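# mind folding the following:
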Amino acid sequence: MSELGSQDVIDALQPKGRCSTRSPIHLKVGSVVVEIRSNSEPVLSELRQYFLHVVVPCEDPTLTVYVLDDLDLPFDVDWSDWAREPGKTGRKDAISDLPNARLVRKVRTGMAFLQSTDWKIAFGPCKAYPNQVVNFVNTQILNHFQQLGWVGCHAAAVNCGEQTLAIAGLSGGGKSTTMLKLMELDGARYVTNDRLLVGSNTPHPDALGIPKLPRINPGTILHNPRLRGMLSADRQAELDALTNEELWTLEEKHDLMVADVFGPDRISHAASLTHFWVLNWSRETDEPTNVRDVKIEDRPDLLAAIMKSPGPFYQRPSGRFWQDDSPLEPEAYLAALKGVEVQEVSGQIDFDVLFQCGEKLFGTGT
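Numbers count the residues shown, from 1 in each chain. Modelled structure (predicted):
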C-alpha cells in the first residue's frame, strides 16, 4: 500500500475547479446516468459525438467522471504491473493501491486514472487517446451494475423482436463478425460488441450492453458488403490479396459507427436475454458447422469463454478492489444465465451457415 493518499491526488489535479467552466455531457444507459466533465472542449466534443446515441438532457447523475487532458501528477507513484489474462503477453496496465482508492496507468500511452467510491478521474494525454477515455467511462457503467450483482460477460449481442442472442468465444473467434452479419436481418438491433452485463430475472435475465462501438479488423470488414466502404479502394485491393490465414490474424482496428452504417434506430443496449451461442469452432477441421443445445452447468470450458474478469478498475461494494489473481465465480454466472438457452457452435468456421441459424432463431428466414 502506498503512503500516498487519494486526497493528495485530488489536491494535485483539482478536478472540480478545472472543469467548472465547461458544460458537462450526460449519458443514460439502462438506469444509470453518467455525467462527464472535462477541462477540454475538444475532448468533450469528441466524447459527445462518440456517445451521441445515449446522450440525454441534463439529469441528476448516478456518478461523475472527470476527464483532465494534458495533466500529470507532480510527484512519483510506486507502480506495480497488473498481470494480464492467460494467453496475452506484454505489459498493459500498472496499478498503485492507495487507502480506499486505486491509481491505474496505461503503460503504452501514459494515460492514468483514479478510481474510488467518490472519484473517477481520467488524466494525461486524453485528447490523443480518446478511446481509453471511452473505455474508462464504460468501465464505470460495468462497475455500477456488477456492484448490484450483475455479471460481466465477454460477449457480443444482437436483439430482434422478442429474442436476444449473445455470442461468446475466444478472442478473435468471430463473435463480432457473426453479430454484424446478423445485423442484416430485418428488425435486428445492436446491443453490444464485446461486453454484456447480465442480471437475474424471470423468465429470462436482463441484459445490458455498453455504449462501446465495435472496433473491428479487416477480416470482418471485407466479408460484409455493407462494411467494405470503411476501407479505401486501394486498401481493399491490398487486403483482398492476402490469404485467409493472413487476413484472419491481421490486427488493424477500425471503429464502426453503427448508427451511420445501419441507421439511427438500430441500437438498443437493454434487452431480455433468451439465447447464448458459444463459438467453439475451428479453422483446423472439415467437420460441418453444428449448433447444438448444451447444459452450461455441465460445460465449464464453455462457461470460461463467457466469463470476464472485471479488471483493475473494479471496486467491490465492500470497498475492496479486484486483484489480478481474484477468482471469477462460476456460480454467479450460472445463476444469472438461468432461463437462457445455451448452444455450442462447433465444426468448421462458416459464417453463412451461422447466419442461416440466426434467421431461424429470430424467425426471419424464408
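# buried residues, stretch 288-304. List them.
For stretch 288-304, burial by neighbour count (16 or more other CB atoms under 10 Å) applies to Thr289, Val291, Ile296, Leu302, Leu303, Ala304. Quick note: C-beta positions are derived from backbone N, CA and C, even for glycine.
# so Pro205 is in contact with Leu334, correct?
No. With contact taken as CB atoms under 8 Å, Pro205 and Leu334 are classed as non-touching, separated by 11.3 Å.
# quick check, nearest of the buried residues of stretch 288-304 to Val133?
The shortest distance between Val133 and any of the buried residues of stretch 288-304, using CB to CB, involves Ala304 and amounts to 30.3 Å.
# still on that earlier bit, nearest to Leu185 among the buried residues of stretch 288-304?
Nearest to Leu185 among the buried residues of stretch 288-304, with distances taken as CB to CB, is Val291, at 16.3 Å.
# A strand includes the closest one, no?
Yes. The assignment for Val291 (DSSP: H, G, I helix; E, B strand; the rest coil) places it in a strand.
# for it, name its beta-bridge partners.
Val345 (DSSP bridges).
# residue contacts, it?
The neighbourhood of Val291, defined by CB atoms under 8 Å, 6 or more residues apart in numbering, consists of Trp277, Gln343, Glu344, Val345, Leu354, Cys357.
# find the residue at the geometric middle of the protein.
Within the chain, the residue whose C-alpha comes closest to the C-alpha centroid is Arg195; the distance, by CA atoms, centre = their mean, is 3.8 Å.
# distance of that residue relative to Leu334?
Summarising the geometry, the distance separating Arg195 from Leu334, computed by CB to CB, to the nearest Å, is 19 Å.
# before we move on, what about Thr139?
With CB to CB as the criterion, Thr139 and Leu334 are 25 Å apart.
# which one of the contacts of Val291 is nearest Arg226?
Nearest to Arg226 among the contacts of Val291 is Leu354, at 17.1 Å by CB to CB.
# which residue packs closest to Leu103, ignoring adjacent ones?
On the basis of CB to CB, 6 or more residues apart in numbering, the spatially nearest residue to Leu103 that is not a chain neighbour turns out to be Ser96, at 4.3 Å.
# hang on, the one you found in a strand?
Yes. According to three-state DSSP, the state of Ser96 is that of a strand.
# that one touches Asp81, doesn't it?
No. Ser96 sits out of contact with Asp81 when judged by CB under 8 Å, with a separation of 11.1 Å.
# neighbour-wise, which of the two wins?
Each of Ser96 and Asp81 had its neighbours counted (other CB atoms under 10 Å), and the higher figure belongs to Ser96 (19 against 12).
# who touches the more buried one in this structure?
Residues counted as contacts of Ser96 (CB under 8 Å, 6+ apart) are Ser2, Leu4, Val77, Asp78, Trp79, Ser80, Arg102, Leu103, Arg105.
# now which of these would you call buried?
Restricting those to buried positions leaves Ser2, Leu4, Trp79, Arg102, Leu103, Arg105, with burial counted as 16+ other CB under 10 Å.
# where do the helices sit along the stretch 51-200 of the chain?
Counting by DSSP state H, counting those that start in this stretch, the segments of the stretch 51-200 of the chain that form helices are 130-147, 175-182.
# which member of the contacts of Val291 is positioned nearest Val32?
Nearest to Val32 among the contacts of Val291 is Trp277, at 27.4 Å by CB to CB.
# remind me which helix or strand the closest one belongs to.
Using DSSP states H and E, the element containing Trp277 is strand 275-279.
# show the average pLDDT along that strand.
The predicted model gives strand 275-279 an average pLDDT of 98.
# got the CA coordinates for that strand in CSV?
Listed next in CSV are the C-alpha coordinates belonging to strand 275-279 (Å, rounded to 0.1, in the frame of the first residue of the first chain):
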residue,chain,number,x,y,z
HIS,A,275,-30.2,-17.3,-26.2
PHE,A,276,-26.4,-17.7,-26.0
TRP,A,277,-24.1,-19.1,-28.6
VAL,A,278,-20.5,-20.1,-27.6
LEU,A,279,-18.3,-20.3,-30.6
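# packing partners for that strand?
The criterion is 3 or more CB pairs under 8 Å, 6 or more residues apart in numbering; DSSP states H and E, and the helices and strands that strand 275-279 contacts are strand 163-169, helix 175-182, helix 300-306, strand 341-346.
# what does it rub up against?
If you take CB under 8 Å, 6+ apart as the criterion, strand 275-279 is touched by 155, 163-170, 173-175, 178, 291, 294, 296, 302, 305-306, 337, 340-345, 354, 361.
# what angle sits between that strand and strand 341-346?
Comparing the axes of strand 275-279 and strand 341-346 via axes from the mean of the first three to the mean of the last three CA atoms, to 10 degrees yields an angle of 20 degrees.
# sheet-wise, list the partners of strand 275-279 with their directions.
Taking DSSP bridges as the criterion, strand 275-279 pairs within the sheet with strand 163-169 (parallel), strand 341-346 (parallel).
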